[in-house]
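Chemist: structure of the sequence below:
(one chain, ligands or ions: 2)
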Amino acid sequence: MGTLARIAPSILSADFAHLARDLDRISNADFIHVDVMDGHFTGNLTFGPGMVAACKRSTDVPLDVHMMVSNPDETIGWYVEAGADMITVHAEASTHLHRTVTYLKEHGVKAGAVLNPATPVGVLEDILPELDMVLVMSVNPGFGGQRFIEGTYAKLDRLQALCRAVGAHPLIEVDGGISAANIEDVARHGADVFVAGSAVFGSSDPAAEVQRLRSLAQSGIDTAEADAA
Ligand SMILES: O=C(CO)[C@H](O)[C@H](O)COP(=O)(O)O
Ligand SMILES: [Co+2]
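Modeler: Numbering: from 1, shown residues only. Ligands and ions are numbered 1, 2, ... in the order given. A predicted model of the protein is given here:
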């Protein structure tokens, strides 16, 4: 079987006053994407481990915790304890990425690294074989509802080439400005996990939007795999 498209709605665009209801509305998602921001690495402040633990109590969907924080090594244990299934840390913020990835694996948590739009894929070359996921930011981190940066397509191509060169097979997640208008193209360039905040929660039927995005992404993945065969 070929690669499966996975949709990770970002609760950054949920109604925080009705979080359990909104999590229920996306129970067909593949991951719940939790954007942790510290007001320092990003110009915005969002969730801490209490929110991750609350999500864990409210949904069976695996939690994909995106840590947009300075010095992630200092606080990553909080999110492991809170029940994160996958944690991604920014390459720009982590001074000991190999140690962090090793720590996560030892604690049974999937490990990923994130690249800001201006960070070249080459910085991950030596750690790629250890990673469960690479998250490519297609906006500058901090806020939902931003416009997708078109240079992401070429960056995904470079990441695919690097993965092939080192024999690594991480999931490739893309985050920021993903919608029905571009998800098929993003999938054609090698992504298989798609974060969508405003597109999902801006819809009157979030579950139907998750399904629509997944079908479009799957068709992009299938096209790319047929072209490569
Ligand atoms: O990490 C993020 C922002 O830093 C969010 O995950 C992202 O922006 C999702 O929101 P949208 O789909 O509305 O762009
Ligand atoms: Co995110």
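Chemist: state which helix of this structure is the longest.
Modeler: Secondary structure assigned by DSSP state H gives helix 206-228 as the longest helix of the chain.
Chemist: wondering if that one reaches ligand 1 at all.
Modeler: No: against ligand 1, helix 206-228 shows no contacts by Cβ under 6 Å from any ligand atom, the least distance being 10.4 Å. C-betas here are computed from N, CA, C, even on glycine.
Chemist: residues making contact with that helix?
Modeler: 2-7, 9, 22, 25-30, 178-180, 183-192, 194, 196, 199-200, 203 (Cβ atoms under 8 Å, 6 or more residues apart in numbering).
Chemist: mind running it again at 6 Å?
Modeler: Residues from elsewhere that reach helix 206-228, judged by Cβ atoms under 6 Å, 6 or more residues apart in numbering: 2-3, 5, 7, 25-26, 28-29, 183-184, 187-188, 194, 196, 200, 203.
Chemist: ok, stretch 185-203 next?
Modeler: 3, 6-10, 12-14, 33, 144-145, 153, 156-157, 160, 171-175, 178-179, 183, 206, 209, 213, 217, 220-221, 223-224.
Chemist: got the buried residues for it?
Modeler: 185-201, 203 (16 or more other Cβ atoms under 10 Å).
Chemist: tell me how many other residues crowd the residue of the chain found nearest ligand 2.
Modeler: Of all residues in the chain, residue 66 sits closest to ligand 2, at 3.8 Å by Cβ to the ion. Residues near residue 66, counting by other Cβ atoms under 10 Å, number 27.
Chemist: what helix or strand does residue 135 sit in?
Modeler: Assigned by DSSP states H and E, residue 135 belongs to strand 133-137.
Chemist: tell me the angle of whichever helix or strand comes after that strand relative to strand 133-137?
Modeler: Moving toward the C-terminus from strand 133-137, the next helix or strand (DSSP H and E) is helix 152-166. For helix 152-166 against strand 133-137, the angle by axes from the mean of the first three to the mean of the last three Cα atoms, to 10 degrees is 160 degrees.
Chemist: just checking, what packs against helix 152-166?
Modeler: Contact here means 3 or more Cβ pairs under 6 Å, 6 or more residues apart in numbering; DSSP states H and E; on that basis helix 152-166 packs against no helix or strand.
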